[in-house]
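>>> structure for the following, please:
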Amino acid sequence: MHTSTAGDPVPLAELTPDRIAAALASGGPDPDGAAGGPATVVFTSVAGVWGSRDEGARAVAHARLDALAHRARAAGGDVVSVAWGLWDLAEDSGDARRQGLPPLEPRLALTALGRALAGGDRDLAIADIVWDRFAPLFTMARPSRLFDAVPAAQRALEAARGPDDAEAADRTAALRRDLAAVPADERPGRLLSLVRASTAEVLRHDAADAVDPDSPFKDLGFDSMAAVGLRNRLRAATGLRLPATVGFDHPTPRRLAGYLLAQILPAESGTGHPALGRLDELDAALAELPMEDPRRTGLMKRMQGLLWKYAAEAGEAAEASGDGPDIEAASAEDMFALIDRELGA
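Okay, here's the model as predicted:
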């Protein structure tokens, strides 16, 4: 059996070259010697497979062990590499449960290990995963194809995307009609009530009154799981395409209610043209498309073309009035931007 030492938990953002070197040094014995010998089992963690914000050093050590096991198998060794989820031991597992990774019961974990040794799998991850929680959180910041071949993960992601475009548009239109039917000064309060009620549900409060409308969501007890839950509830109620980070982008219930009002009735937000209310929908649409998706590239090129077009028109108007840019006073950044615009770079 091979495993790395536990080491100190080092968040990913705090990793330094020295800490990485220490993690590699604690990575356990080299399984290369397994060639021609009995079966060798390498114990690692899922931190080395899909990463962990708070276990950056452990992810480094375990990814090293997995790589060494792969090399040993290529040399003819019988090496089983198992990346484990959290085991149900004495340590606190509250955060992991909320993120969709409940701890493994040890007897079931050992049964899974026995099956792995008896079967043909030699490189696997064993974890208890609640996909409808974990998958949306894992892809909250950016899309990922890591779990494309896992049907349960794909079903969870599909459900998290919310209603289809036609249904979402119907919900938004219905809410817009409802808001238009009440006095303008009551509309922010209607949406604030919706946000407070949804927040109370996420935090499992008995009533919306327990949610202070001007307290930051983080102070109310929000984490990434709560943020996704709030987004899902508001999306279902409004039909709007909302990013998973909407609760952090608009950090209090009152400010979030104002944002929703600007999306549903842009003219009521006091921010200008109603088209402004569509920009966040475009932002959300881009965030959901994979980097390699040609639709994403097409949208970005179209947006850049519109930006250059109207920026150029504004510049020509300014030059005609004598208010154009002073080339001699322009900074290097100004000059590069001008070259980009003129050459279409």
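
>>> identify the residues contacting residue 133.
Counting by C-beta atoms under 8 Å, 6 or more residues apart in numbering, residue 133 makes contact with 98, 99, 100, 225. C-betas here are computed from N, CA, C, even on glycine.

>>> please apply the same query to residue 142.
So residue 142 contacts residue 287 (C-beta under 8 Å, 6+ apart).

>>> quick check: it vs residue 103, distance?
According to C-beta to C-beta, to the nearest Å, residue 142 and residue 103 sit 27 Å apart.

>>> same deal with residue 226?
21 Å.

>>> repeat for residue 95
11 Å.

>>> residue 220 now?
27 Å.

>>> which one's more surrounded, these two?
Neighbour tally, residue 220 and residue 103, criterion other C-beta atoms under 10 Å: the higher count belongs to residue 220, 20 against 17.

>>> surely that one and residue 213 touch.
No - look at residue 220 against residue 213 with C-beta atoms under 8 Å: they stay out of range, at 10.4 Å.

>>> where along the chain do the strands fall?
2-3, 40-45, 79-84, 123-126 (DSSP state E).

>>> so can I have a markdown table of those showing distance to residue 252?
Shown next, in a markdown table, are the strands of the chain (distance: least, C-beta to C-beta, whole Å):
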| stretch | distance to residue 252 |
| --- | --- |
| strand 2-3 | 45 |
| strand 40-45 | 37 |
| strand 79-84 | 40 |
| strand 123-126 | 39 |
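
>>> report the buried residues of stretch 225-244.
Across stretch 225-244, burial judged by 16 or more other C-beta atoms under 10 Å covers 225-235, 237-244.

>>> state the phi and psi torsions of the closest residue to residue 130 other than its chain neighbours.
Excluding the flanking residues, the one nearest residue 130 by C-beta to C-beta, 6 or more residues apart in numbering is residue 100, at 4.1 Å. Torsion angles at residue 100 (phi, psi; degrees, to the nearest 10) stand at phi 90, psi 20.

>>> what's the neighbour count on residue 100?
So residue 100, with other C-beta under 10 Å, has 20 neighbours.

>>> please tell me I have it right and residue 11 contacts residue 53.
Yes - when contacts are counted by C-beta under 8 Å, residue 11 is listed as touching residue 53 (6.2 Å).
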